[in-house]
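1. Predicted coordinates and the sequence they were generated for:
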Amino acid sequence: MKQYIEELLKNVCMQCMEQGLLRQESLPAFVVEAPRNKEHGDLATNLAMMLAKTERRPPRQIAQMLVDRLHGASPHVEKIEIAGAGFINFFLKHEAWHDVLHDIATAGDRFGSSQEGGGRRIIVEFVSANPTGPLHIGHGRGAALGDALARILSFVGYDVVREYYINDVGNQMQNLGKSLYLRYLQELGQQVDFPEGLYRGEYMVAIARDLVQQKGRGIMELPEHDAMRFCTTYAAEVILADIKHDLELFGVRFDTWFSERTLFDNGHVQELLAHFQETGLVYETEGALWFRTTQFGDEKDRVVVKEDGTTTYFASDIAYHKQKFDRGFVQAIDIWGADHHGYVPRLTAVLKALGYPENALHVILVQMVNLLRDGIPVAMSTRSGEFVTLRQVIEEVGTDAARFMFLTRRSDAQLDFDLEIAKKQNDENPVYYVQYAHARICSIIGYAAEKGIAPPSASTVSIDLLTEPEERDIIRKLAAFPEVVAGSARACEPHRISVYLMELVGQFHRYYNRYRVVTDDPALSSSRLYLMLGIRQVLRNGLQLLGVSAPEKM
RNA sequence: GCGCCUGUAGCUCAGCCGGAUAGAGCAACGGCCUUCUAAGCCGUGGGUCGGGGGUUCGAAUCCCUCCAGGCGCGCCA
């Protein structure tokens, strides 16, 4: 409907231009949107005000000119008004909205989807936590966001791959192996010093205990180097398996698990470094090899090969991102914790140096999560290993509540996650507000069936009976869903869908309390039931995109 | 010191590609269950949109500046 009005306006402007009534040759950026206030019509546009700038004429005068030519131009428009500073408000005929319910019935779980992505290949990389310890709440936020975003992007027609990048080489891996080895020795009764910088979480002790169970003293008898190596691989595997399990509990799926190690095994990092040297993108100083990132917008040059000859994480990351594009993705979306934000300019710089387009990489930074219990911060110290894991949070509050909590807020603002609130199964917790509406509708449909009223279909229903203003408002809201999804995809902001669902559900609950769906009038009941089906479908589709369940009973 | 993010009701947050009287939930107070789920609904109160300046017909939204909080700042990842 919105596009329809836009077309209408464009045509009228063209007319005016041809007749020399408008000076400009192209249209200014204008919007057609549903006004907040119903008195301002179903749809409104600021077109006249935008034109006023360049036309140097009063907006209302321009509006009048346009409106004169709009009258009778469309069978769907009831009336048109000029209001305020020069808004043009459209009041649509009731029937104009009816098609929406048919559209929903026809499209079903595809309602709201589109072909906007045109099958273009996008890779969404998220979580990518080092396999050195369990996931915590912050990873959960990134996981929820990445997963929802991937769902949304595929819904609007992109070919999306979800990837987890595993940092399985480097110092932290050495430290992991050492940590396990020492814990293992301790388990076997040896007195060992546990140096700073190692992973001293309880989970390592548990892994060591298992290791003893499986291998007894076997590892201890190996040469230390081999033992350490074994421990590294063993610990990483166990922890990664654990991470996978947590993510599964959290409803998060990955298509590919990309190992950093393979970048070395396949020679990608080495090749890339050689290439950089040939092209003069790197230089040597102070014993290290530096990339000229400053030439591409970064504030400092960055080390790719350290003084000791080993490569930095940055070097791997360059190779990794090049890999992404080599694999045919036209865009890479990375979801990072905000503490890595300083890293964006250098990676962008390198990709620029390699000749990739500006928007090839889109980094989304998710801000920190403060975990609270009853308003009091829960201590989260990684060093001591005393932290609340994502698993614990899921077990305590549930996947749906946790995901919804993350996905109701913008990612670029810090978030207070209060366990007690998330756990409450009441109206303090918006996820239940939304789910309850779904369950309620299911219940209504069940009740109707008991009364012998079958779910209506497009051919049997008489939508004309939906004459209440609330019904019309709900239909209008349903009509907006595809637009919300598209906007959410474009902005990479899943929370827009949550906010929309809460608004829709608010309208539904109000309607439910005021009107009965199943009445003595079969035709009316049937048409209201049709409306219910529409709401339920949109709720399902929306919740599906968020990865939150839509329970039939609560 | 420099950079990124944030500052909206008592609390948690939407709204931010400029648009019409600034929204929701919670908390507070008062109502609504013999009929489709009260995890719901209705009503009341609650705001210098961090402060100041600027651009504009119009600013919570854009620009500058200051203040406050968080995060980061050459060979850790």
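-> Received the coordinates, thanks. Numbering: from 1, shown residues only, chains lettered A, B, ... in the order given.
2. Check for me that A:Val548 belongs to a helix.
-> No: A:Val548 sits outside any helix when classified using DSSP: H, G, I helix; E, B strand; the rest coil, being coil.
3. what helix or strand does A:Phe258 sit in?
-> strand A:256-259 (DSSP states H and E).
4. mind saving the C-alpha coords of that strand as CSV?
-> What follows is strand A:256-259, C-alpha atoms only, in CSV (Å, rounded to 0.1, in the frame of the first residue of the first chain):
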residue,chain,number,x,y,z
THR,A,256,30.9,-23.7,8.9
TRP,A,257,33.6,-23.8,11.6
PHE,A,258,36.7,-22.2,10.2
SER,A,259,40.0,-23.2,11.7
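5. packing partners for the helix or strand following it?
-> Per DSSP H and E, strand A:256-259 leads on to helix A:260-265 as the next helix or strand towards the C-terminus. Contacts defined by 3 or more CB pairs under 8 Å, 6 or more residues apart in numbering; DSSP states H and E place helix A:260-265 against strand A:159-166, helix A:268-279, helix A:313-326. The C-beta positions use only the backbone N, C-alpha and C, and glycine is treated the same way.
6. what's the angle between the shortest one and helix A:313-326?
-> In this structure, strand A:159-166 runs at an angle of 160 degrees to helix A:313-326, with axes from the mean of the first three to the mean of the last three CA atoms, to 10 degrees as the basis.
7. Average pLDDT for strand A:159-166, rounded please.
-> Here strand A:159-166 scores 97 as its mean pLDDT.
8. wait, which of the helices and strands packed on helix A:260-265 is closest to RNA strand B?
-> helix A:313-326 (3.6 Å; CB to the nearest atom of the strand).
9. elements contacting the closest one?
-> So helix A:313-326, by 3+ CB pairs under 8 Å, 6+ apart, packs with helix A:260-265, helix A:268-279, strand A:302-305, strand A:331-337, helix A:344-353.
10. So which of the ones you listed is nearest A:Ala148?
-> strand A:331-337 (10.6 Å; CB to CB).
11. do that closest one and RNA strand B meet at all?
-> No: using CB under 7 Å from any atom of the strand, strand A:331-337 stays clear of RNA strand B, with a minimum separation of 7.7 Å.
12. who does that strand pair up with?
-> strand A:121-125 (parallel), strand A:361-366 (parallel) (DSSP bridges).
13. Please compute how far that strand lies from its chain's middle.
-> With CA atoms, centre = their mean, to the nearest Å as the basis, strand A:331-337 stands 11 Å off its chain's centre.
14. Report the inter-axis angle for it versus helix A:344-353.
-> Using the same axes, to 10 degrees: strand A:331-337 against helix A:344-353 is 160 degrees.
15. which of the strands paired with strand A:331-337 is buried the deepest?
-> strand A:121-125 (a mean of 22; mean count of other CB atoms under 10 Å).
16. sorry, back to before: list the buried ones in the strand holding A:Phe258?
-> If you call a residue buried by 16 or more other CB atoms under 10 Å, then strand A:256-259 has these buried ones: A:Phe258, A:Ser259.
17. How far off centre is stretch A:311-324?
-> For stretch A:311-324, the distance to the chain centre is 25 Å (CA atoms, centre = their mean).
18. Need the contact partners of it.
-> A:123, A:125, A:165, A:167, A:169-170, A:258, A:260, A:263-264, A:268-269, A:272-273, A:291, A:302-306, A:332, A:346-347, A:350-351, A:354, A:361 (CB atoms under 8 Å, 6 or more residues apart in numbering).
19. Taking those residues, please make a PyMOL selection of just the buried ones.
-> Applying 16+ other CB under 10 Å to the contacts of stretch A:311-324 leaves a buried subset, and the PyMOL line that selects it is:
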select buried, chain A and resi 123+125+165+167+169+170+258+260+263+264+268+269+272+273+291+302+303+304+305+332+346+347+350+351+354+361
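20. list the buried ones in the helix or strand containing A:Gln61?
-> Counting by DSSP H and E, the element that carries A:Gln61 is helix A:59-70. Neighbour counts over helix A:59-70 (16+ other CB under 10 Å) mark A:Pro59, A:Arg60, A:Ile62, A:Ala63, A:Met65, A:Leu66, A:Val67, A:Arg69, A:Leu70 as buried.
21. Of these, just say which sits nearest to RNA strand B.
-> A:Pro59 (6.7 Å).
22. That closest one: what's its closest spatial neighbour, skipping adjacent residues?
-> Nearest residue to A:Pro59, sequence neighbours excluded (CB to CB, 6 or more residues apart in numbering): A:Gly86, at 2.8 Å.
23. How many neighbouring residues does the one you found have?
-> Per other CB atoms under 10 Å, the neighbour tally for A:Gly86 reads 21.
24. give me every residue that touches it.
-> A:Asn46, A:Ala48, A:Met49, A:Ala52, A:Pro58, A:Pro59, A:Arg60, A:Ile62, A:Ala63.
25. Any stretches of the stretch 51-200 of chain A with poor pLDDT?
-> The stretch 51-200 of chain A contains no residues with pLDDT under 70.
26. what are the ranges of the helices in it?
-> A:59-70, A:98-107, A:137-155, A:171-187 (DSSP state H, counting those that start in this stretch).
27. Minimum distance to RNA strand B: which of those has it?
-> Among the helices of the stretch 51-200 of chain A, the nearest to RNA strand B by CB to the nearest atom of the strand is helix A:171-187 (4.8 Å).
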